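*Asks:* Have a look at this fold, sequence not included:
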């Protein structure tokens, strides 16, 4: 897997040494991070070890079968064919279309759930206040080492940085501060994967920042 490979579900850059599962989608192979495996399966993607891609939509199979039947020549009959029935009804007429299953409700990824809780918390208001003074920060959202249910959110400026934790295993636990410092170089490489942005009011959203990170992982200009 290349150094810039990203998760096909949440879009986060895959970290070196991080466990990744390859899923088979109708369009081909897709790399999925460990946190998004269940979401990929809800999308109909199958793990590569199962050995086969998801089947084509049922409508496509019916279309191919109808084409084959139309191309077949009718067999000779010793008797004249019966009179044709009434013309086939318009398949687009009301009530003629097959029922389609209701779309599956959207299920937020762990990172999305963590960002939603963070923005609604006191920590989110703190970032909004700092952004008004220090400008737009660089943001990283990732899993805390050794704690699969805990998400770590890092917010950094030129002369300061803060880290908060969001415990997805305990919805009642408030967002809590993990650490803070002055130099971005104090952060580990995982915390410098800038995979999120901050809006003008300090609200954090998942997605690459407007400027790309430098090769060493530090924000440009820091």
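*Replies:* Sure thing, it's come through. From a predicted model like this one, the values you see are computed outputs, not experimental measurements.
*Asks:* going forward, measure contacts and count neighbours with C-alpha atoms only.
*Replies:* OK.
*Asks:* residues touching the closest residue to residue 128 other than its chain neighbours, list them.
*Replies:* In space, and not counting its chain neighbours, residue 128 is closest to residue 202: 3.9 Å by Cα to Cα, 6 or more residues apart in numbering. Counting by Cα atoms under 8 Å, 6 or more residues apart in numbering, residue 202 touches 124-125, 127-129, 131, 136.
*Asks:* after the lowest-mean-pLDDT helix or strand in the chain comes which helix or strand?
*Replies:* Of all helical and strand segments in the chain, the minimum by mean pLDDT, DSSP states H and E falls on helix 58-71, at a mean of 48. The first helix or strand that comes after helix 58-71 along the chain, using DSSP states H and E, is helix 110-119.
*Asks:* Output the contacting helices and strands for that next one.
*Replies:* strand 147-156, strand 161-167, strand 204-206 (3 or more Cα pairs under 8 Å, 6 or more residues apart in numbering; DSSP states H and E).
*Asks:* buried stuff in it?
*Replies:* Using 16 or more other Cα atoms under 10 Å as the test for burial, helix 110-119 gives 110-111, 114-119.
*Asks:* May I see the contacts of residue 202 organised as TSV, with neighbour count, distance to residue 48 and pLDDT added?
*Replies:* Listed next are the contacts of residue 202 as TSV, based on neighbours: other Cα atoms under 10 Å; distance: Cα to Cα, whole Å; pLDDT from 0 to 100:
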residue	neighbour count	distance to residue 48	pLDDT
124	20	39	91
125	16	43	92
127	24	41	93
128	23	43	92
129	14	46	92
131	19	44	90
136	21	41	92
